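Participant: Take this sequence and fold it.
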Amino acid sequence: MNSKKIAKMSQSSLSQKGQTASESPARVDMEIYFEALDNPYHPTDNPKGALPMNVAENHLCWEMLRDRIQQVTREHEIPDWVASYGDPAGIPRFREATASFLENHLFGTHVNPDSLAFSVGATSVIEMTSFLLADPSDTAVIPAPSYPVYTGDIGVIPGVIRYDLQTHEELEELKNGIPINTQKLEQAKKDIEAKGSRFKILILTSPDNPTGGIYSEKQLRETADWCIANQIHLIVNEIYGLSLIDISHPEIKEDYPNPIEFVSFGKIMSEYQNPYLHFWYSFSKDFGVSGFRIGLLHSFNEELIQAYRNAGLSHSISNYTQWVMSEVLEDKAFLEQFFSTYRERLTESYLIVRKSLKRMNIPFNPSFGSLFVWMDWSKFLSEESAEGEEKLWMEIYQQTGVLLTPTNGFGHKKKGLYRMVITSLNQSKLQVAMDKLEDFTKKK
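Facilitator: Numbers count the residues shown, from 1 in each chain. Sure, this is the predicted structure:
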């Protein structure tokens, strides 16, 4: 029986959650994304092809990591334990190698391997943590705009409600950082409780998706204090923690009159060691290995780590992947070279986009980090509505081949803001994409 016939059945054979899942794609742009992948741009063979810039993938330094992994597999025999079961939260060697990586590259302080638990990618970590910390119909607060797929990650299986906290409306309000404070959190708590729910989790992403902003150390500490006092779990997602723009570059330095220093929440957690503070990370973005499916939770809440281990067997990372990445993480000289090169290339890509947006007079938020630029195309909307946003998004794609991330799901009230992924294309193709967008704006 095909899917069309199933859709016509008066009563679904699935559970209520299964039926909802069958009718709710994780992303509204996936069908068009796959269409774009089947029609890739080529300067001579397919100059009118697609330039997908909607999915958060990082291809800037893959060749370096690929060569190192190939070296590992050539020079080392696969250990016998790879073929056996292991600790669902991560084999000891991988936890130790990752703890050392976090210590040296993010936290700047000691990391106990026993405070880490792994599962297959960021989505799995978000789902598992939400499931273990909150009950169905509890609420997770997320400053808007934010990652659209958080909604499904916390909602489909854990049953947690997403609350989009409106911290600002115009891009210029982000010039001194993401404007979140305890007063706004207090108001959100009142709103949530008035609806009969509990404010159980606060999720911050730093560097932020999609704005590229970061939270200051002062903000993180004040927010942590408030969450602890209110027995609310604070989770900081640093999946882009090493995807930092060099804001001291002479071409962009003027964009940051009040620069904010990136301080990892892991450093703050090591001081507090409180059971209400948690940290998420994944190798998908900084390392550019989305397909490896490696995500982690760091927490001093021993009960949570044990629950993660007990419930996480179906979410375990393959032992082969853990072995290969342990070899990479233990090569400290390689990691230094890799991340130095990555930051240079990320900044170069950002410069290409910034120059073009300046020429087009498209407002954007100066990015401190992440894989994105958050832009205001509202002056090109035919109407300020969701329909107007989708129409412009499709018009850009159909006329230029450039596929931006649609506005749907970011939770921001202002219309006409779109996300651009600046790391999914090499720099020559990125320049082509920006040139095509410039041509588009000249014709509007």
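
Participant: Can you identify the element that follows the lengthiest helix in the chain toward the C-terminus?
Facilitator: In the chain, taking DSSP state H as the definition, the longest helix is helix 332-360. Sequence-wise, the next helix or strand downstream of helix 332-360 (DSSP states H and E) is strand 372-376.

Participant: what's that next one in contact with?
Facilitator: Residues outside strand 372-376 that contact it (Cβ atoms under 8 Å, 6 or more residues apart in numbering) are 56, 145, 171, 209-212, 350, 353-354, 357, 362-365, 367, 416-422. For glycine as for every other residue, the C-beta is placed from the backbone atoms N, C-alpha and C.

Participant: before we move on, what about stretch 185-199?
Facilitator: Contacts with stretch 185-199, where a contact means Cβ under 8 Å, 6+ apart, come from 134-135, 137-139, 141, 161, 163, 165, 202, 223, 226, 230, 232.

Participant: which of the residues in that stretch are buried?
Facilitator: Buried positions in stretch 185-199, judged by neighbour count with 16 or more other Cβ atoms under 10 Å: 185, 188-189, 192, 197-199.

Participant: Make JSON lines from these and add pLDDT, distance to E389 and secondary structure to it.
Facilitator: Output for the buried residues of stretch 185-199, formatted as JSON lines (pLDDT from 0 to 100; distance: Cβ to Cβ, whole Å; DSSP: H, G, I helix; E, B strand; the rest coil):
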{"residue": "L185", "pLDDT": "98", "distance to E389": "28", "secondary structure": "helix"}
{"residue": "A188", "pLDDT": "98", "distance to E389": "25", "secondary structure": "helix"}
{"residue": "K189", "pLDDT": "98", "distance to E389": "30", "secondary structure": "helix"}
{"residue": "I192", "pLDDT": "98", "distance to E389": "27", "secondary structure": "helix"}
{"residue": "S197", "pLDDT": "98", "distance to E389": "29", "secondary structure": "coil"}
{"residue": "R198", "pLDDT": "98", "distance to E389": "32", "secondary structure": "coil"}
{"residue": "F199", "pLDDT": "98", "distance to E389": "29", "secondary structure": "strand"}
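
Participant: nearest to T407, of those?
Facilitator: Relative to T407, the closest of the buried residues of stretch 185-199 is A188; by Cβ to Cβ it sits at 22.2 Å.

Participant: And the helices in the stretch 101-250 of the chain?
Facilitator: Using DSSP state H, counting those that start in this stretch, the helices of the stretch 101-250 of the chain run over 121-133, 150-155, 182-194, 217-229.

Participant: Show me where this structure dips below the pLDDT cut-off.
Facilitator: Within the chain, the segments meeting pLDDT under 70 span 1-10.

Participant: May I see the domains of it written out as residue ranges?
Facilitator: 3-62+336-443, 78-331 (automatic domain parsing).

Participant: Pick the most buried one from the ones you listed.
Facilitator: Stretch with highest mean neighbour count among the domains of the chain: domain 78-331 (a mean of 19; mean count of other Cβ atoms under 10 Å).

Participant: from what I can see M64 touches E336, true?
Facilitator: No - taking contacts as Cβ atoms under 8 Å, M64 lies outside contact range of E336: 11.9 Å.

Participant: any idea which helix or strand carries the closest residue to F118 other than its chain neighbours?
Facilitator: Closest residue to F118 apart from its sequence neighbours, by Cβ to Cβ, 6 or more residues apart in numbering: G90 at 3.9 Å. If you go by DSSP H and E, G90 is not part of any helix or strand.

Participant: got a list of what G90 touches?
Facilitator: G90 neighbours (Cβ under 8 Å, 6+ apart): 98, 116-118, 296, 317, 322.

Participant: so can I have CSV of the residues you listed showing distance to I305?
Facilitator: Listed next are the contacts of G90 as CSV, based on distance: Cβ to Cβ, whole Å:
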residue, distance to I305
T98, 14
L116, 8
A117, 5
F118, 11
L296, 11
I317, 16
Q322, 17
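
Participant: Among those residues, which lie within strands?
Facilitator: Among the contacts of G90, the ones falling in strands (DSSP state E) are 116-118, 296.

Participant: K253 contacts D246, doesn't it?
Facilitator: No - counting by Cβ under 8 Å, D246 is not a contact partner of K253; they are 9.4 Å apart.

Participant: Next, work out how far apart L351 and S424 are.
Facilitator: Per Cβ to Cβ, to the nearest Å, L351 is found 17 Å from S424.

Participant: next one: stretch 88-95 to chain centre, how far?
Facilitator: When C-alpha coordinates are averaged (Cα atoms, centre = their mean, to the nearest Å), stretch 88-95 and its chain have centres 23 Å apart.

Participant: oh sorry, the question was meant for stretch 185-194
Facilitator: For stretch 185-194, the distance to the chain centre is 26 Å (Cα atoms, centre = their mean).

Participant: quick one on the thing from earlier: which one of the domains of the chain lies nearest to Q71?
Facilitator: Using Cβ to Cβ, the domains of the chain put domain 78-331 closest to Q71, at 8.9 Å.

Participant: That closest one: end-to-end distance?
Facilitator: Domain 78-331 has its terminal residues 17 Å apart, counting by Cα to Cα, to the nearest Å.

Participant: To V328, which of the helices of the stretch 101-250 of the chain lies closest?
Facilitator: Nearest of those (Cβ to Cβ): helix 121-133, 17.4 Å.

Participant: Three-state assignment for the spatially closest residue to D331 that is not a sequence neighbour, please.
Facilitator: Spatial nearest neighbour of D331, chain neighbours left out: R68 (7.0 Å); criterion: Cβ to Cβ, 6+ apart. Classification of R68 using DSSP: H, G, I helix; E, B strand; the rest coil returns helix.

Participant: shouldn't R68 be in contact with A333?
Facilitator: No - using Cβ under 8 Å, R68 makes no contact with A333, being 10.6 Å away.

Participant: and the two? which has more neighbours close in?
Facilitator: It is R68, of R68 and A333, that has more neighbours when counted by other Cβ atoms under 10 Å, with 17 against 7.

Participant: which ones are touching the more buried one?
Facilitator: Contacts of R68 by Cβ under 8 Å, 6+ apart are 328, 331, 334, 338.
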